[in-house]
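Trainee: from the sequence below, what's the structure:
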Amino acid sequence: MNKKIIFIPVLFLIVTSFSPEYVPTPDEVTHFYQTKTLAILEDNPIAEYNFVIQEFMKKEWKTTPYDFS
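Mentor: Predicted coordinates:
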C-alpha cells in the first residue's frame, strides 16, 4: 500500500516533466502578428500601473499594433 502511495505521485511527476511544451504552428505565429494587443488599464485614472504600462508599450512594444482599454 505504501509503495502505491509513493509510486503514483512519482510516476505523475515523471510523466508531466517529460511532456512536451506547446509550440505554436507557423499559422498561429502569423495570426498573432496580424492581431492587435490590448492593454487593460485600471479603473483609477491615476493608478501607477496605467502610467507604467502606457510608457512601456510606447517605448518597448514593437511586435504588434496595440491599444489601451
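
Trainee: so which residues of the chain form strands?
Mentor: With DSSP state E applied, the chain shows strands at 37-39, 66-68, listed in chain order.

Trainee: including mean neighbour count, mean pLDDT and distance to Gln54, could the ones you listed go into TSV?
Mentor: For every residue, glycine as well, the C-beta is placed using N, CA and C. Output for the strands of the chain, formatted as TSV (neighbours: other Cβ atoms under 10 Å; pLDDT from 0 to 100; distance: least, Cβ to Cβ, whole Å):
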stretch	mean neighbour count	mean pLDDT	distance to Gln54
strand 37-39	12	94	8
strand 66-68	12	95	7
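
Trainee: redo those strands as TSV? Include distance to Ser17.
Mentor: Below are these laid out as TSV (distance: least, Cβ to Cβ, whole Å):
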stretch	distance to Ser17
strand 37-39	32
strand 66-68	36
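
Trainee: out of those strands, flag the one nearest Glu21.
Mentor: strand 37-39 (22.3 Å; Cβ to Cβ).

Trainee: which helices and strands sit right next to that closest one?
Mentor: helix 48-60, strand 66-68 (3 or more Cβ pairs under 8 Å, 6 or more residues apart in numbering; DSSP states H and E).
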